[in-house]
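following is a predicted model, sequence given first.
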Amino acid sequence: MYQFVLCWRYLRTRYLAFACIISVMLGVATLIVVNSVMNGFSTKLRTLLHSVLSDVVIEGHSMEGFYDPVGKIERIRKDPKLDAQIESMAVTLETFAMVQYQKANKEFATRPVRVIGIEPKARTQVGGFSEHLARQKSKTDPNFDIPDEIRLRWDKAEESWKAFREFEHREAVKKAEQPVKPVSIEQPLIGVPDEMKHIFAKKDANAPSIPPPAPVPHVKRMPPGAIVGHLVAHFKYRDPNTKEITDGCDIHPGDSIVITTVTTGESLKPVYDSFVVVDYFKSDMSEYDANCVFVPLEHLQTLRGMNNRASSILIKLKDYRQAKSVVDGLAELFKHEQLGIHTWEEKQGPLLRAIEIEKGILNVLLFMIIAVAGFGILAIFSMIVSEKTRDIGILKALGASSGGIMTIFLTYGLLLGVVGALFGTILGLSITWNINGVEAFIARLTGSHVFQGDVYYFKEIPTDVSTSAVLLVNLGAVAIATVFSILPALRAAMLHPVQALRYE
Amino acid sequence: MHGTTPLLSALNLRKTYVKFANKIEVLRGVDIDVAEGEFLSVIGNSGSGKSTMLHLLGTLDKPDDGCIHLEGRRIDNLPAADRDQLRNRTFGFIFQFYHLLPELTTLENVMTPAMITHSMWSWWLKRGAIRKAALEMLDRVGLSHRLKHRPQELSGGEMQRAAIARALINRPRVLLADEPTGNLDAANGQHVMRLLRDLNQQEGLTIVMVTHNLELVHHTDRVVRLVDGRVESPEKIAMPTFAAAGAGT
């Protein structure tokens, strides 16, 4: 009983103990914050990656893709087991291409992109598409249709083109109606074959004049729509006035872009077509936003001469935990075809693994902080034991056993660990939950941003508190505090009562 | 009181301390008997081994040679746990420098030996009775008005009286006092001595008191003088309540 009473008193009256508590607290708080932020990064990144990638992807190995994607989907649907696990599927055709557009200063710009042919509705059902669209955000049936205001603009432009063509035609007719001066060539026609001499023969003034050119038939053509990645259409620059990083816009909705890619087959031929920008794709993953251009699937298939071919089938599962069995089932179904079948995690394997490794290493390093706190406890406890030597002698004279004395100091260590861990958890969690506020405060204090949104994929510091990690950190801190108090506690227990009593 | 076996007896106690390669023979064969209900004082110059002898009697330390018996049962070679229990229940200690625990209040200090006796559970069950006993004990030593004070807020005399209350809370058989008035002024010293005397006479408490103050000897039944680690000769001082024969040596 006395152990606990004394322990509690020592905790309340020894200011040195607060040093121990603070060191444990700081260690625990740091671990929790760093862990939560790292977790947040990895969770956010996974969510982002997963939000653009579907659960399972079937893909061809080459740019030619594979044949009959629709038939394959039907085959999958016929398999009752797979059919039960799969929620929806979408065919996509992805290839590299060049996109050319006119910048605001009328300069032409060309940049490489990944052009992806999709059926917008099916792609939306697979997920990770329409929620990233700027105009048609989270619509269930996004499309490439050209909105009316853009169509109106195009019609106006069309009108003026038409007028211009008519003017051109009139000019041509006028030119044709003027009498043509006869051309005479006096020189002997040396080296000109006989059958071509009439070209250079003297023209008769009365000969019928060249008929005026027929008017160019005006074909009204509306190019198909395209959805371009946000960072394809925009560029980041630092505003000289506000010093803020802002988006500049190169491609506006309604602008036309020209996409150039190649056909498939034996001989590759460049093909191109113009598209009207109808929407932006903004997933906050620069890898996608800066590279992707979505166009209608059929149009791209026709353009590249790939009828009924596609490069991948995206699959959304009803329950992602079944991914492994779905992949196995699909591999069995398509075992005679050269198709790659992967979950999204397998596709992003190296990146996800790298983050996990980083987190592991960081945790080991940070745990050393708590180990440092442990050595602090060791030192401070040794001091407290020295300070309490006489009290230990008194207690022994009153009949306390060595084990009892040891219990005092072990319980003391445990208590310091528990209190430190508790406060550390409170501090760590409150920092974690207000991390962006803390960041803003530090930024105001120091004048430089700790977290720069443009470096990462995200605007804010993402956090994700994992209960098991918090528990583990707490447990570790308490264990370290207790373990490091063993030595001083042993020393206290071993003190000879008579010498301890004489100790001044 | 006049039984054949003394309450506490030591035979040929020897103790040598080694300090910086110097061997100091503190006790060179001390024989001493303490009868039940006796108030024995041990006197001697400093360094004569009085305190060491007291520590050995109270099982705080182990003799190099010789043996100590409590009611005929040898106690100096008992296992640590048994000796802890003896110190807790059979012996009560008071010291020159009071040795109260500075973190605890007077009342808590007095209750400490009881806390050591009881586990948390039995403490919880008996806390009322223990508290009552402690309050009675504090009342007995005249400190009922100082319950919530910390030792540093008490005077020397009060501290020593609190220490006496603490030593008695577990109703020990023997009170071992090491210079109990050594650090007190005359008035307070008298007060403490009177208290010890009363405890001895009214409650029959056996007391072994070590002192170098010859004046205090008059309060006690019997005096033993230690010289150079040996008992010089049993010196008897006539006292009104003198117990005729100490157990013979």
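That came in fine, so what should we check first? Note that the structure is predicted; figures quoted are calculated from it, not measured.

only the buried residues of stretch B:190-208, if you could.
By 16 or more other Cβ atoms under 10 Å in any protein chain shown, the buried positions in stretch B:190-208 come out as B:190-193, B:195-196, B:199-200, B:205-208. Any C-beta I mention is one placed from the backbone N, CA and C, and that applies to glycine too.

contact partners for the closest residue to chain A within chain B?
For chain B and chain A, the shortest gap (Cβ to the nearest Cβ) falls at residue B:88, measuring 2.4 Å. Residues in contact with residue B:88, defined by Cβ atoms under 8 Å, 6 or more residues apart in numbering or on different chains, are A:398-400, B:113, B:116-117, B:170.

and the residues you listed, which two are furthest apart?
Using Cβ to Cβ, the contacts of residue B:88 reach their maximum pairwise distance at A:400 and B:170, which is 12.7 Å.

please say which of these two ends up with more neighbours.
residue A:400 (27 against 21; other Cβ atoms under 10 Å in any protein chain shown).

quick check: pLDDT value at that one.
At residue A:400, the pLDDT value in this model is 87.

dihedrals phi and psi, it?
The phi and psi values for residue A:400, taken as degrees, to the nearest 10, are phi -70, psi 140.

any idea of the mean pLDDT in the helix or strand containing residue A:246?
Using DSSP states H and E, residue A:246 falls within strand A:245-249. In this model, strand A:245-249 has an average pLDDT of 78.

same thing with stretch A:429-449?
85.

pretty sure residue A:411 is in a helix, no?
Yes. Membership of residue A:411 in a helix is supported by DSSP: H, G, I helix; E, B strand; the rest coil.

give me the nearest residue to it, chain neighbours excluded.
In this structure, residue A:411 finds its nearest non-sequential neighbour in residue A:7, 4.7 Å apart by Cβ to Cβ, 6 or more residues apart in numbering or on different chains.

pLDDT score assigned to that neighbour?
The per-residue pLDDT reported for residue A:7 equals 79.

again, but for residue A:116
On pLDDT, residue A:116 comes in at 90.

the longest strand along chain A pairs with which strands, parallel or anti?
For chain A, the longest strand by residue count, based on DSSP state E, is strand A:86-102. Using DSSP bridges, strand A:86-102 pairs in its sheet with strand A:108-118 (antiparallel), strand A:256-262 (antiparallel), strand A:312-317 (antiparallel).

count of neighbours near residue 86?
No chain in the question, so chain A it is. The burial count for residue A:86: 22, using other Cβ under 10 Å.

um, chain B though
Quick note: residue B:86 (other Cβ under 10 Å) scores 19 neighbours.

picking up where we left off before, most tightly packed of the strands paired with strand A:86-102?
strand A:312-317 (a mean of 22; mean count of other Cβ atoms under 10 Å in any protein chain shown).

which non-adjacent residue is nearest residue B:149?
Nearest non-adjacent residue to residue B:149, counting by Cβ to Cβ, 6+ apart: residue B:106, 5.4 Å away.

what sits against the one you found?
With contact taken as Cβ under 8 Å, 6+ apart, residue B:106 is in contact with B:100, B:138, B:143, B:146-151, B:154, B:162.

in strands, which of those appear?
Secondary structure from DSSP E places none of these in strands.

give me the most central residue, the chain.
Just so you know, I chose chain A. With distances taken as Cα atoms, centre = their mean, residue A:285 lies nearest the centre of chain A, 3.1 Å away.

you answered for a different chain; I wanted chain B.
residue B:176 (1.0 Å).

that one should be in a strand, yeah?
Yes. Counting by three-state DSSP, residue B:176 is part of a strand.

contact partners for it?
Contact partners of residue B:176, counting by Cβ under 8 Å, 6+ apart, are B:54, B:57-58, B:91-94, B:207-208.

could you pick out which of those are near chain A?
Restricting those to those touching chain A (Cβ under 8 Å from any Cβ of the partner chain) yields B:58, B:93.

what two of the contacts of residue B:176 are the furthest from one another?
Pairwise distances among the contacts of residue B:176 were taken by Cβ to Cβ; the largest, 13.7 Å, belongs to B:57 and B:94.

quick one on the thing from earlier: can you list the contacts of residue B:106 in TSV and add pLDDT and neighbour count?
Output for the contacts of residue B:106, formatted as TSV (pLDDT from 0 to 100; neighbours: other Cβ atoms under 10 Å in any protein chain shown):
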residue	pLDDT	neighbour count
B:100	88	26
B:138	90	24
B:143	86	23
B:146	85	21
B:147	87	15
B:148	89	10
B:149	90	15
B:150	90	17
B:151	89	20
B:154	88	19
B:162	90	27
